[in-house]
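>>> Sequence and predicted model, in that order:
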Amino acid sequence: MASDRVAAQTPPATSEEAAYLASQWKLVWWRFRRHKLAMASLAIVLCFYFVAAFPGFLSIHDPLDSSSSRVFMPPQRIHLFDGWLPRPFVYGVSGERNPVTLAMEHVQDRETKHYVQFFVRGHQYKLIGLIRTDIHLIGAATPEGMHALRPLGTDKLGRDVFSRLMYGTRISMSIGLVGVAISLFLGVLMGGLSGYHGGWTDSIIQRLIEFLRAMPTIPVWLALGAAVPQDWSVIRVYFAISVIISLIGWTTLAREVRGRFLAMREEDFVTAAQLYGTSQLRVIFRHMLPSFMSHIIATTTLAIPAIIIAETALSFLGLGLRQPAISWGVLLFEAQNLQAVANAPWLLVPGLSVIFAVLTLNFMGDGLRDAADPYSVQR
Amino acid sequence: MLTFVLRRLITFVPMMFLMSVVAFALIQAPPGDFLSDYVVQLQNQGEYADPGELESLRKQYGLGQPIYVQYAKWVWGILRWDFGRSLEMRVSVNDLINERLTLTIILGLFTVVFTWTLAIPIGIFSAVRQYSWIDYMFTFFSYLGVGTPNFLLALVIMWFVFAYFGLSITGLFSPDYVEAPWSLGKIIDMLKHIWVPMLILGTDGTARLTRIMRANLLDELNKPYVETARAKGLPEWQLIMRYPVRIAINPIVSTIGWTLPQLFSGSLIVATVMSLPTLGPLLLRALYTQDMFLAGSIILILTALTLIGTLVSDIVLALIDPRIRIGA
């Protein structure tokens, strides 16, 4: 009976025998693979993390490089074809200050074309934080060309929005991972204690979780964010913010882990291991944890988008990460009011990244959750 | 039923006590004592603090005394609906909070009503017509709604309306009514403005509730009793509304507990973006300027609203579902 079910889920190409021999992870992967939306999301999430890993290589300009003559330059389209030749180029741009409004006005010069080149030398950065280099994916040969190459325009200080978005991806995507790691540690520890021991340990931890969940999250985050001293370094603030966000985030994971422990404590294989005289830690880590690992991974994945949104919201209000750190929230801080947005709508582009990252992570997590129990009958 | 309500009320008190401790800890979190900050601030503005005023403030808050005395004085004040003084704006916190608190609650209630009237019918429809194009469309929108942070939505809508219609949709009142005392005209004016923030705040909740309602109803629709009723010849819509919907709606009621709190804290950021006269922007300003009595009071009020929201949802759930009231 059970074998029929497993066999029914395997792709038609694989034989029934393969399903018998496949490990649990293989079964999870087989089921996940059938979830098309989740697979597409996985690809996009991997792209996001690729950007997060190599922001320097992908960026065009130095993200902190400001210039008063390039303020609020609108996005410059990169034309892919020059006539019939696939040669990407941008038109030249010259900026002039309007004598009446004193605002910068950027005029496109359709006569000059600056061709986009690949693997160009530009500002220095460290690849994966280790190797010092100055090679970038794209760039232009001349300074005028570089100046015109602004796919997402510039902000109020004339900094390149595209390059800042690349660097922002690194912090925003990684803070999700760091935050989730802290939540996971706390959640597994507390949830495990609670579910395995039961009794008064369970009661205390459950009351604590209820208490934390009853707190209005955003006001408490804001207050804690405001308590982070102004003179801390970027790295310290970064970790402080991840800790603040995880303080409430771990409760969801703890509940999940506890539920699994409670359900599994009575299983025959656990009793068997205990009767055999296996130590408590070994029972937990060798016998119980592997059987619900996939569920934990699914819940963890679903927790990442919430952390990304939290960081964005905090930084957006100016109480999370601050300049000179660059995250999606810090970038959106520039677009905080109607006036700024009406002036330079392209400053909202980091918001699109937030939505995309959150959506794809959600879809991926949903797919993982469905695949987490490969032995169940699929509806 | 009475014992159930009483038991819930009894847990309410220690929770509220713990929350007040947390709020007080947050007030104390910034380094230094706020009075000396206040003096520095006044000096920066070229004013001098009146020694008499300082002395009375010191006495009122028990500064220099042990921390639990300070806490007790603060709580004692709040129990008499006296939240202390905003040191930055030099007025009593009560004056600042009262009207904004009302508006926060009104906005929250409007949004909840909006969310429910939209989410439940859509959820029922999606479940009954599962996998139809309308179901797919609603599914798509609800994913989008969950994925988009409210404040981004607010920004985009504000920009869109401004760019294409030249209107600025911030605030809750027209300029004429901002400072005006409450009147029928002002209420009508508010109703004309409140729907935009309501719509924005409601998207997220509507999306979530639709998903829950749809999933719950789908579970119920496959049960034998539905089949039985159908076999007996009950008209389809009457059958669905009378039996499975009534059961599927229960878990939704239990979400009031977190819908309201989420709204109060979620509206904070949207309110800042749209400059609504609610508690949110005030809390932010208090946190920026380290006006800790104001900040602490607002946080305490928001937690109280949260706890009351949970309490109400528990009681409503017990009212409509006898299993809970007897089992608990």
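All right, it came through fine.

>>> Pull the number of nearby residues for A:Val257.
When neighbours are counted by other C-beta atoms under 10 Å in any protein chain shown, A:Val257 registers 27. All C-beta atoms are positioned from the backbone trio N, CA, C, and that covers glycine.

>>> which intervals of chain B have sub-threshold pLDDT?
Chain B contains residues with pLDDT under 70 at B:29-38, B:41, B:45-49, B:60-64, B:87-90, B:254, B:256-258, B:323-328.

>>> secondary structure class for A:Arg87?
Following DSSP: H, G, I helix; E, B strand; the rest coil, A:Arg87 is assigned to coil.

>>> Identify the residues contacting the closest residue to chain B within the stretch 51-200 of chain A.
Using C-beta to the nearest C-beta, the closest approach of the stretch 51-200 of chain A to chain B is made by A:Ser172 at 12.4 Å. Residues counted as contacts of A:Ser172 (C-beta atoms under 8 Å, 6 or more residues apart in numbering or on different chains) are A:Ile308, A:Glu311, A:Thr312, A:Ser327, A:Trp328, A:Gly329, A:Ser353, A:Val354, A:Ala357.

>>> How about the third one, nearest residue that isn't a chain neighbour?
Spatial nearest neighbour of A:Thr312, chain neighbours left out: A:Gly329 (3.9 Å); criterion: C-beta to C-beta, 6 or more residues apart in numbering or on different chains.

>>> okay, the helix or strand harbouring that neighbour in CSV with CA atoms only?
According to DSSP states H and E, A:Gly329 maps onto helix A:328-333. Provided in CSV are the C-alpha atoms of helix A:328-333 (Å, rounded to 0.1, in the frame of the first residue of the first chain):
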residue,chain,number,x,y,z
TRP,A,328,16.7,48.1,0.2
GLY,A,329,15.1,49.8,3.1
VAL,A,330,17.9,52.4,3.2
LEU,A,331,17.4,53.0,-0.5
LEU,A,332,13.6,53.4,0.0
PHE,A,333,14.3,55.8,2.8
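
>>> who's in contact with it?
By C-beta under 8 Å, 6+ apart, helix A:328-333 touches A:161, A:164-165, A:168-169, A:172, A:308, A:311-318, A:320-323, A:347-348, A:350-351, A:353-354, B:152.

>>> what about 7 Å?
A:164-165, A:168, A:172, A:311-316, A:318, A:320-321, A:323, A:350-351, A:353-354 (C-beta atoms under 7 Å, 6 or more residues apart in numbering or on different chains).

>>> cool, stretch B:290-304 as well?
Contacts of stretch B:290-304 (C-beta under 7 Å, 6+ apart): A:215-216, A:219-220, A:223, B:16, B:19-20, B:23-24, B:26-27, B:30, B:34, B:37, B:78, B:83-88, B:93, B:96-97, B:101, B:264-265, B:279, B:282-283, B:286-287.

>>> Among those, which lie within helices?
The helices, defined by DSSP state H, take in A:219-220, A:223, B:16, B:19-20, B:23-24, B:26-27, B:34, B:37, B:78, B:93, B:96-97, B:101, B:264-265, B:279, B:282-283, B:286-287 from the contacts of stretch B:290-304.

>>> related to what we said a few turns ago, what average pLDDT does the helix or strand encompassing the residue of the stretch 51-200 of chain A closest to chain B get?
Using DSSP H and E, the element containing A:Ser172 is helix A:161-197. Averaged across helix A:161-197, the pLDDT comes to 89.

>>> can I get the CA coordinates of the lengthiest strand in chain A in PDB?
Using DSSP state E to define each element, chain A has its longest strand at strand A:104-127. Output of strand A:104-127 as PDB, limited to C-alpha atoms (Å, rounded to 0.1, in the frame of the first residue of the first chain):
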ATOM      1  CA  MET A 104      19.200  69.800 -12.600                       C
ATOM      2  CA  GLU A 105      17.900  69.100 -16.100                       C
ATOM      3  CA  HIS A 106      19.400  66.200 -18.000                       C
ATOM      4  CA  VAL A 107      19.200  66.400 -21.800                       C
ATOM      5  CA  GLN A 108      19.800  63.400 -24.000                       C
ATOM      6  CA  ASP A 109      22.200  63.900 -26.900                       C
ATOM      7  CA  ARG A 110      21.000  61.600 -29.700                       C
ATOM      8  CA  GLU A 111      24.200  62.400 -31.800                       C
ATOM      9  CA  THR A 112      26.700  60.600 -29.500                       C
ATOM     10  CA  LYS A 113      26.500  57.000 -28.800                       C
ATOM     11  CA  HIS A 114      28.400  55.300 -26.000                       C
ATOM     12  CA  TYR A 115      28.900  51.600 -26.500                       C
ATOM     13  CA  VAL A 116      28.600  49.300 -23.600                       C
ATOM     14  CA  GLN A 117      31.600  47.000 -23.000                       C
ATOM     15  CA  PHE A 118      32.000  43.900 -21.000                       C
ATOM     16  CA  PHE A 119      34.500  43.200 -18.200                       C
ATOM     17  CA  VAL A 120      35.600  46.800 -17.800                       C
ATOM     18  CA  ARG A 121      37.900  48.200 -15.200                       C
ATOM     19  CA  GLY A 122      36.200  50.600 -12.800                       C
ATOM     20  CA  HIS A 123      36.200  51.300  -9.000                       C
ATOM     21  CA  GLN A 124      37.900  48.900  -6.700                       C
ATOM     22  CA  TYR A 125      36.000  46.300  -4.700                       C
ATOM     23  CA  LYS A 126      36.600  43.000  -3.000                       C
ATOM     24  CA  LEU A 127      35.200  39.900  -4.600                       C
END
